[in-house]
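**Q** What would the 3D arrangement of this be:
(2 chains)
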Protein chains: 2
Amino acid sequence: MEDLLRRVLEGIRPRKEDRERLRGVAEELMVRAEKVASGLDAPVRPMLVGSAARDTWLREERDIDIFLLFPEDTSRKELEEVGLAIARKVTEGKGREQFAEHPYLTAEVGGFDVDVVPCYDVEDPRRIRSAVDRSPYHQEYVVRELSPASIDQVLLLKKFLKGIGAYGSELKVHGFSGYLCELLIIRFGSFREVIREASRWTSEVVIDPSGEYDSEKDARRLFPDEPLIFVDPVDPGRNVAAAVSKRNLATFVRACQDFERQPSEKFFFPRTPSISPQEMRGIIEARGSKLLGVTFDVPKDLVPDTIYPQLRKTERTLVERIEGAGFKVLRSDVLSKAGRSLILLELSVYELPKVRRHVGPPLGVDSERFIEKHLSSGRSLAGPFIDRSGRLVFEVEREHTRAIGVLQDALEDRGGFGRHVAESVEEGYEIVEDEGLVDLAEDEELFQFLGDYLTRCLPWHL
Amino acid sequence: MEDLLRRVLEGIRPRKEDRERLRGVAEELMVRAEKVASGLDAPVRPMLVGSAARDTWLREERDIDIFLLFPEDTSRKELEEVGLAIARKVTEGKGREQFAEHPYLTAEVGGFDVDVVPCYDVEDPRRIRSAVDRSPYHQEYVVRELSPASIDQVLLLKKFLKGIGAYGSELKVHGFSGYLCELLIIRFGSFREVIREASRWTSEVVIDPSGEYDSEKDARRLFPDEPLIFVDPVDPGRNVAAAVSKRNLATFVRACQDFERQPSEKFFFPRTPSISPQEMRGIIEARGSKLLGVTFDVPKDLVPDTIYPQLRKTERTLVERIEGAGFKVLRSDVLSKAGRSLILLELSVYELPKVRRHVGPPLGVDSERFIEKHLSSGRSLAGPFIDRSGRLVFEVEREHTRAIGVLQDALEDRGGFGRHVAESVEEGYEIVEDEGLVDLAEDEELFQFLGDYLTRCLPWHL
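**A** Below you'll find the predicted structure:
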């Protein structure tokens, strides 16, 4: 086991030259930020935060986060205007503006993905004005609590989570953030202890190292729908693991159990499955289900954190509509990539007979209007009669005998869609069926997505 | 309304010549019974009971019930042997033996269906030895409580229940018995009052005229699964309406509501629908569902009260098996007629894709064996993976992609079938599909059954 982890570390720990390169770029940016700030005569304090500042980055990562701390009495408008002006100068005009709660700048500098984020220098982290204001406190906390000897343990945990597909708090992933990895190592001491601990987790976990809550129940009351709760040591009103979905929690727990049982590099470096278009067609035929892909253009400037929640909401709506009409969805998924989105629906019941059962009011509720409506509709095939449970029943004509009809109706009225998705679909959409999806997937990312979907498997089982 | 009921009564009340004919046959049988009994020197008292004895029979009915009352100290063996010997002589050897709790004889005499039933002359009707021992007490109670002026009201109620298909406590029907009709008229005074009362009934009704129970709840505790409870005035431990199914209770209540709203002779004399084989094929095509009929021979001497509960049990088992495999049954029904039975199943989901979702154990339960079993089965199409709810999932090959495969398996192993049905099916069966059923239905009764099924409707709506 120790050998295995040593080998993994050799593959993921930044080498001397990696560290020097990052340090070079980060220091240059920090120096420039100080200079620009003092040149503007603005009371701004630049701060390097995140994994780059804590040496908890993986060799494959390229993120540098610089925060610009403004005094609490700065107006929001000034913070945004001055903050972005500084950021633009720091990145020498290469930055693109992004929006979280505040606007911020993102740029590529010397091969690194640099974020320059204006925030408030708040005195109490429990009184923040937006989520980013907490980052300087996280920075201080981790630097204070995480011993340099434990940094390797963080790297192992991050890479493990990446390998099993559960790393990243962005809304496309709903996984574990880097900060959460650091806190888990601080709490349990080492990678192996985290694994051992987590392999006993259930579907509801509460971790509160600072003991802010009297009981797990108290903490759960505050974060009722979040399967994993890790109380933020710098702000007990926040769950660091708020983003972690049921799926990613369960994936992590299963991975820990399997790793305990049979440690392997596969957890850190999973094989990427690769199948041919021919094989894809074979799998689609073998499954025998009906695949419907809805594709449409989306504005290119929508970031994944905006589009993914909307796509998932739309996906849920479509599944509900289709199943509400009596059909059955086996599985579904969504993909968004530069300017184009796909909602993939796989049906196990795609076609239904014309006749459909329609249940009337129970005894005690007047049924006259119900009966008259159906007798005069011209769509009644049998009834009214009473079924075995005593309910009044008509058998009527189904509106759509194929699920695609329901899907098309839903795409026309777009109720329950995410806002940008609704607007995009209104502009036009295409429905691609079954093996047509393979032809559509000439695009590399789409092809990979479809291949992953069709061979879906826990990565360490590949 | 009074006109309507008068017209109905004219059509259903026995005419003078009907009554004379029945009285003639009944008296002759009673005289013969007395003579045979005294000839045998047996302490037996013959008694005319049932609707013939109370003048509550409809013109279309042809039932004469003669009970042979034995002293309580008679052995069961003697009761059966002597009872049947007398019965045979009374019916002059024309009788066929039947079995309820005791054996009894049934015969056709002078155009009437005659039952001769040995029973115990018990002193307290709450201490009966079998259900038939209550009949003499029912006879006494009704004669005492039902005024001759109310007999017409009983006839109206019986004919109304016949017209809507809810009359008869036999297990083929699960409806209202003649005795229950008499009690309802005694309780509420007239046909119209029963209708008015019942149109307000819900799916749970308790009637306890003798006030034997402190509350409806007390009575319901004794008869927990019986939707209509009418406490027997001669034995409060018995529910006279025990046979009434949810369906027949709801049918009666709906009929009462509709009759109140719009009285019509249709409730008493429903139209019999009649469709051609051509029309049947058209309806089957219009419904678009899949019809599967299982037919098999059954021993000719099995009475409906034996075969129907077994057919229904088998029907339920088949529906559960088919739906358990992921298919969907829209409606089903059973028919038994001289020597042959049919279980009809109508499917709205008849075919499913090869791929099927198989959910594994939840977090906290060891999944190693589950995963290994499926990985090595050679039938796994995808997985293991974790779904959105955090459950472990495999997608595996379905055993049967058509419901008929599941049906055939069930007919081969016959678990959960009624005993005689299982034995009969073991001898051989046939599965007839869709329009093949129309060809099968050259038989009048089967044809009528299929027509009723396809045009199923509350009779007063026809």
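**Q** mind listing the helices for the stretch 101-250 of chain A?
**A** With DSSP state H, counting those that start in this stretch applied, the stretch 101-250 of chain A shows helices at A:135-145, A:151-163, A:178-188, A:191-198, A:216-222, A:246-261, listed in chain order.
**Q** between those, which gets nearest to B:Val116?
**A** Nearest of the helices of the stretch 101-250 of chain A to B:Val116, taken as Cβ to Cβ: helix A:246-261 at 70.7 Å. Heads up, the C-betas are built off the backbone N, CA and C, glycines and all.
**Q** packing partners for that closest one?
**A** helix A:151-163, helix A:191-198, strand B:380-386 (3 or more Cβ pairs under 8 Å, 6 or more residues apart in numbering or on different chains; DSSP states H and E).
**Q** tell me what the first one is packed against?
**A** Looking back up the chat, that one is helix A:151-163. With contacts taken as 3+ Cβ pairs under 8 Å, 6+ apart, helix A:151-163 sits against helix A:2-12, helix A:178-188, helix A:191-198, helix A:246-261.
**Q** contact partners of that helix?
**A** The contact list for helix A:151-163, computed with Cβ atoms under 8 Å, 6 or more residues apart in numbering or on different chains, reads A:5, A:8-9, A:12-13, A:54-56, A:58, A:146, A:167, A:175-176, A:178, A:181-182, A:184-185, A:189-191, A:194-195, A:252, A:255, A:259, A:266-270, A:459-460.
**Q** So A:Phe112 sits against A:Asp65, correct?
**A** No: look at A:Phe112 against A:Asp65 with Cβ atoms under 8 Å: they stay out of range, at 10.3 Å.
**Q** So between these two, which is more surrounded?
**A** Here A:Phe112 and A:Asp65 are compared on neighbour count by other Cβ atoms under 10 Å in any protein chain shown; more neighbours surround A:Asp65, at 21 against 17.
**Q** What score does the nearest residue in space to the more buried one that is not next to it in sequence have for pLDDT?
**A** Beyond its immediate neighbours in the sequence, the residue positioned closest to A:Asp65 (Cβ to Cβ, 6 or more residues apart in numbering or on different chains) is A:Gly50, lying 3.7 Å away. What the model reports as pLDDT for A:Gly50 is 95.
**Q** same deal with the one 3 residues further on?
**A** Per-residue pLDDT puts A:Ala53 at 95.
**Q** just A:Ala441 next, same as before
**A** The predicted local distance difference test score for A:Ala441 is 66.
**Q** same deal with A:Glu216?
**A** Note on A:Glu216: pLDDT of 89.
**Q** That one reaches A:Val206, doesn't it?
**A** Yes: contact criterion Cβ under 8 Å: A:Glu216 and A:Val206 qualify, at 4.1 Å.
**Q** Of these two, give the one with the bigger neighbour count.
**A** Counted by other Cβ under 10 Å, A:Glu216 and A:Val206 do not tie: A:Val206 has more neighbours, with 19 against 14.
**Q** List the beta-bridge partners for the more buried one.
**A** For A:Val206, the residues forming beta bridges with it (DSSP bridges) are A:Ile229.
**Q** out of the helices and strands packed on helix A:246-261, which comes closest to A:Val393?
**A** strand B:380-386 (37.1 Å).
**Q** Partner strands of that closest one and their direction?
**A** strand B:392-397 (antiparallel).
**Q** So what's the gap between the next helix or strand after the strand it pairs with and the chain middle?
**A** Under the assignment DSSP states H and E, the closest C-terminal helix or strand after strand B:392-397 is helix B:403-413. Taking Cα atoms, centre = their mean, to the nearest Å, one finds helix B:403-413 lying 27 Å from the centre of the chain it belongs to.
**Q** go on, stretch A:38-52?
**A** On the basis of Cα atoms, centre = their mean, stretch A:38-52 is displaced by 30 Å from the centre of the chain it belongs to.
**Q** May I see the buried residues of that stretch?
**A** For stretch A:38-52, a neighbour-count test (16 or more other Cβ atoms under 10 Å in any protein chain shown) marks A:Ala42, A:Val44, A:Pro46, A:Met47, A:Leu48, A:Val49, A:Gly50, A:Ser51, A:Ala52 as buried.
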